[in-house]
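> Okay, predicted coordinates and the sequence, questions at the end:
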Amino acid sequence: MRNRLFSFTLLVGLLVVSSALSAHHGSASFATTEITLKGKVTEWLWANPHCFLKIDAVDETGAARNWNLEMGNPTDMTQRGFGRRTFKPGDEVTVTLQPVQSGQPVGRIRSVILPNGQKL
Amino acid sequence: MVRRLVIAAAVVAAASAALYARPQGPPPGTPSIPLAQAKWEPWNNPGLATLPQNVEPDGPAPRRDLTGLWDSGRGGIGARGARGTPAPLTAWGEEVSKTHKSGDGIRQVDVTEINDPLSTLGDPSGFPRNLLFELRQVQFLTTPHSVVALHMWEKRWRMIWTDGRQLPADPDPRWYAYSVGRWADDFTFVVNSNGTDERTWLDNAGNPHSDQLRVEEQWRRVSKNKLEVSVTIDDPKTYTRPWVALDKLPLVQIPMNVDLMEMLNAASEVQAVANQFKGEK
């Protein structure tokens, strides 16, 4: 009985934690794992309340897909070294990201290596 | 068994608190540096990424003076709603809250269902959501009749009248309310407000308010370089009792000649971002 109660308490706790992880502007549920993609920039949206980077990249499906990658707002991204002119279409970048769990080419950027080798 | 439950609850609480705190904290890996070592660009500064380790050279708080440019080091970003535990909703408040479909916090819904007027329409955040959601840098200017608050977020200003006038008895609603201020003591400036437009949400979690909303801010000048702010919500139509939505949030003074970047939810950008999120589906 004790162990069951203990397990139940932990389970409730884990559900709370999971909920917290997924709670972000109603966006898709991100995996906890990270993947790294190398690709070409197709669009860089520098906007409030969120920035987005789109890249064409061959991923684990073996196909070239256009990935839509969410970032923070311009103010917070500036604190991390990004700017309105950080990317332009055609730039080759290496991106480490958390993909969504649905398998769609959508994710949240963790870090980027720019064409000049700088890592943000 | 009780001991195990307490330990389990503590673990869960700690983990949850850490996760909930994450979006309100500095970017991962951001070092905390002394205020004097902060580097400022000539233009477009985003402000402090985290509160500094120390604010030396500090000094005693001046009497009855908030003048300065203040920065919470991202501590004022209440992405998931007010930090305090809201008082229980009244039946009326409960009904209104069910119509608020937020992108964050306890009322989070799928991105296609969000109806937050700030993030879907580009409406002003309004008062006091500008304090409870995005309290970024704020500059106070003092005039003979008022204290003027210049907010980086949304590039808004607020007039806090100090000339002895009373709040309007039957205010015509405004996005940023009506505010009067007074010094409770030499270091505590108390601001009372009413008349917030009911179209606004109280915070990022979609907590509601009514036309009976009254807000009290307490800005306490701790020292020359330190300030604290607390916000209390009093809305008897929506909440069963007053509750503290922000409790002693610390801010530090940064140089007055720091040029801050713009941070606006322009309607066109809001629409562009919404389209990106919908494309995620």
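All right, it came through fine.
> Quick check: closest non-adjacent residue to B:L51.
B:G73 (3.7 Å; C-beta to C-beta, 6 or more residues apart in numbering or on different chains). In short, each C-beta sits where N, CA and C put it, glycine included.
> list the contacts for the one you found?
B:26, B:47-52, B:251-252 (C-beta atoms under 8 Å, 6 or more residues apart in numbering or on different chains).
> got it, and B:S97?
B:S97 makes contact with B:89, B:107, B:206-208 under the criterion C-beta under 8 Å, 6+ apart.
> With B:I233 instead?
B:82, B:86-87, B:128, B:202, B:209, B:213, B:215, B:239, B:242-245.
> hang on, the earlier thing: narrow the contacts of B:G73 to those in strands?
B:251-252 (DSSP state E).
> The nearest residue to A:V93 once chain neighbours are set aside pairs with what?
Residue nearest to A:V93 in three dimensions, not counting chain neighbours: A:V112, with 5.6 Å by C-beta to C-beta, 6+ apart. A:V112 forms beta bridges with A:V95, as assigned by DSSP bridges.
> Per-residue pLDDT of A:V112, please?
The pLDDT attached to A:V112 in the predicted structure is 97.
> and if you look at B:H151?
In this model, B:H151 is scored at 97, pLDDT.
> Chain A versus that one, what's the distance?
According to C-beta to the nearest C-beta, to the nearest Å, B:H151 stands 13 Å off from chain A.
> For B:G93, list the residues it contacts.
Counting by C-beta under 8 Å, 6+ apart, B:G93 has contacts B:208, B:210, B:235, B:237-239.
> Can you flag which of the contacts of B:I233 belong to strands?
B:215, B:243-245.
> Among the residues you listed, which ones lie close to chain A?
When C-beta under 8 Å from any C-beta of the partner chain is applied, no member of the ones in strands among the contacts of B:I233 is adjacent to chain A.
> hmm, back to that, pull out the buried members of the contacts of B:I233.
B:82, B:86-87, B:128, B:202, B:209, B:213, B:215, B:239, B:243-245 (16 or more other C-beta atoms under 10 Å in any protein chain shown).
> closest to B:G68 among these?
Nearest to B:G68 among those: B:P128, at 21.0 Å, using C-beta to C-beta.
> list the contacts for the nearest residue to that closest one once chain neighbours are set aside?
Leaving aside its chain neighbours, B:P128 sits nearest to B:V215 (4.9 Å; criterion: C-beta to C-beta, 6+ apart). Going by C-beta under 8 Å, 6+ apart, B:V215 touches B:127-128, B:177, B:191-194, B:196, B:231-234.
> out of the residues you listed, which are buried?
Burial by neighbour count, judged by 16+ other C-beta under 10 Å, picks out B:127-128, B:177, B:191-194, B:196, B:231-234 from those.
> follow-up on the earlier one: and the residue nearest to A:V93, how far is that from chain B?
According to C-beta to the nearest C-beta, A:V112 and chain B sit 14 Å apart.
> Equivalent analysis for A:D56, please.
Plainly put, A:D56 is 15 Å away from chain B if you go by C-beta to the nearest C-beta.
> can stretch B:36-48 be found next to chain A?
Yes: residues of stretch B:36-48 contacting chain A under C-beta under 8 Å from any C-beta: B:44, B:46-47.
> List the buried residues of that stretch.
Residues of stretch B:36-48 classed as buried by neighbour count (16+ other C-beta under 10 Å): B:38, B:45-48.
> Likewise for stretch A:72-90?
A:72-80, A:82, A:86-87.
> how about the strands of chain B, start to end?
Here chain B has its strands, by DSSP E, at B:68-71, B:138-142, B:146-151, B:156-161, B:178-185, B:188-194, B:214-221, B:226-234, B:243-254.
> Out of these, which is the most enclosed?
Highest mean neighbour count of the strands of chain B: strand B:68-71, a mean of 24 (counted as mean count of other C-beta atoms under 10 Å in any protein chain shown).
> so who does B:D247 touch?
B:83-84, B:230.
> again, only this time at 6 Å
B:D247 sits next to B:S230 when contact means C-beta atoms under 6 Å, 6 or more residues apart in numbering or on different chains.
> all strands of chain A, in order?
Counting by DSSP E, the strands of chain A are A:35-45, A:52-58, A:64-70, A:92-99, A:106-113.
> Tell me what angle the fourth one forms with strand A:106-113.
To tie it back to what came earlier, the one meant is strand A:92-99. Note on geometry: by axes from the mean of the first three to the mean of the last three C-alpha atoms, to 10 degrees, strand A:92-99 and strand A:106-113 are set 140 degrees apart in direction.
> Can you pull the residues of the stretch 101-250 of chain B lying near chain A?
Within the stretch 101-250 of chain B, the residues that sit near chain A (C-beta under 6 Å from any C-beta of the partner chain) are B:103-104, B:108, B:111, B:114.
> how does it look with 7 Å?
Within the stretch 101-250 of chain B, the residues that sit near chain A (C-beta under 7 Å from any C-beta of the partner chain) are B:103-105, B:108-111, B:114, B:119.
> and these as CSV, adding pLDDT and neighbour count?
Shown next, in CSV, are those (pLDDT from 0 to 100; neighbours: other C-beta atoms under 10 Å in any protein chain shown):
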residue, pLDDT, neighbour count
B:G103, 87, 28
B:D104, 85, 24
B:G105, 88, 19
B:Q108, 88, 24
B:V109, 88, 15
B:D110, 82, 13
B:V111, 80, 19
B:I114, 90, 21
B:S119, 88, 25
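> Closest one to A:H50 out of those residues, please.
Among these, B:S119 lies closest to A:H50 (C-beta to C-beta), at 9.3 Å.
> my guess is that closest one meets B:G103, correct?
Yes: with contact defined as C-beta atoms under 7 Å, B:S119 counts as touching B:G103 (5.9 Å).
> Not including adjacent chain positions, what is the nearest residue to B:E113?
B:K101 (5.0 Å).
> who's in contact with that neighbour?
B:107, B:109, B:113-115 (C-beta atoms under 7 Å, 6 or more residues apart in numbering or on different chains).
> check contacts around A:S111.
A:96, A:119-120 are the contacts of A:S111 under C-beta under 7 Å, 6+ apart.
> Spatially central residue for chain A, please.
Centroid-nearest residue in chain A, with C-alpha atoms, centre = their mean: A:R108, separated by 0.9 Å.
> Chain B versus that residue, what's the distance?
For A:R108 relative to chain B (C-beta to the nearest C-beta), the value is 11 Å.
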